[in-house]
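Enquirer: Have a look; sequence and predicted model below, questions after that.
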Amino acid sequence: MVGDGRSKPLGLVTSLVANAAPVVVATGSAANTGGSEAGFNSLGSADFANAISKLDAAYLNSEKVAFLMNRKTLATLEALVDKVGRPLGLVRYVEQDGECQPYIYGVPVKICPSMDNIGTGAAPKFPVVLGDLSYWVTRIVMGEMSGVMAYKEAPGLVENGLIGLRSFLQADGAVLYDDWGNPAQSPFVLIENAHS
């Protein structure tokens, strides 16, 4: 999700930032909780509503549309309360195929462990992406240099009944959208915690 395309595969967030995809700058959860949270250290219901309104409606009807975030961000959103301390209920769960799938405003949530956490930092953080995942492709190359190699003859292996394994894989990613001059029709929207 956040790879630079050099030491790690090119990530979706990295691609979107580089192409100036639409961004919703978070206002935070203070309007929900009545607390002192701000857009640089929290997310609130208005931030998700603004992301939905910024995404072209044609993508919202796609079976592949989803909010992407890490589990810590999801847990923070589940714990949001209103001004009198009741659960806000921003995250709802729907049972599908025997599993409970989280949704926010009717849009499924997908867990991406490498996404930014909600919070402050020296640079902007992008803890949430909303988009049509049919416009993202990850390419995995299985060729001569890919696969698993077993090593039996290395110091300390065979005499201890061990073998060593090394795996090789080539992977990269790309956004399948190229009309960045018209960001209103972008299939993705980033939610940003502005830096402090």
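Expert: Perfect, I can see it now. Predicted model only: the values in this text are computed from it and were never measured.

Enquirer: now the biggest strand by length in the chain, how far from the chain's geometric center?
Expert: Looking across the chain with DSSP state E, the single longest strand is strand 125-132. Mean-position distance between strand 125-132 and its chain equals 5 Å (CA atoms, centre = their mean, to the nearest Å).

Enquirer: any idea of the mean pLDDT for that strand?
Expert: Mean pLDDT, strand 125-132: 96.

Enquirer: That strand pairs with which strands, parallel or anti?
Expert: strand 65-69 (antiparallel), strand 188-193 (antiparallel) (DSSP bridges).

Enquirer: remind me, longest helix of this structure?
Expert: helix 45-54 (DSSP state H).

Enquirer: Please enumerate residues in contact with the following helix or strand past that one?
Expert: For helix 45-54, the following helix or strand on the C-terminal side (DSSP states H and E) is helix 57-60. By CB atoms under 8 Å, 6 or more residues apart in numbering, the surrounding residues in contact with helix 57-60 are I52, V65, V107, G131, D132, P187. Yep, even glycine has a C-beta here, placed from its N, CA and C like the rest.

Enquirer: on that earlier part again, any idea which of the strands paired with strand 125-132 gets closest to A26?
Expert: Proximity to A26 (CB to CB) singles out strand 188-193 among those, at 5.4 Å.

Enquirer: got a list of what the residue lying closest to N193 once chain neighbours are set aside touches?
Expert: Leaving out its chain neighbours, the residue that sits closest to N193 by CB to CB, 6 or more residues apart in numbering is K125, at 4.4 Å. Applying CB under 8 Å, 6+ apart, we find K125 in contact with D116, N117, I118, G119, E192, N193, H195.

Enquirer: one more time with 7 Å
Expert: Under the criterion of CB atoms under 7 Å, 6 or more residues apart in numbering, the neighbours of K125 are D116, G119, E192, N193.

Enquirer: and K152, how far is that from R166?
Expert: 12 Å (CB to CB, to the nearest Å).

Enquirer: ok, now K64?
Expert: 35 Å.

Enquirer: Which strands border the least confident helix or strand in the chain by mean pLDDT, and is each parallel or antiparallel?
Expert: In the chain, no helix or strand scores lower on mean pLDDT, DSSP states H and E than strand 147-151, which sits at a mean of 71. Sheet pairing for strand 147-151, assigned by DSSP bridges, gives strand 164-168 (antiparallel).
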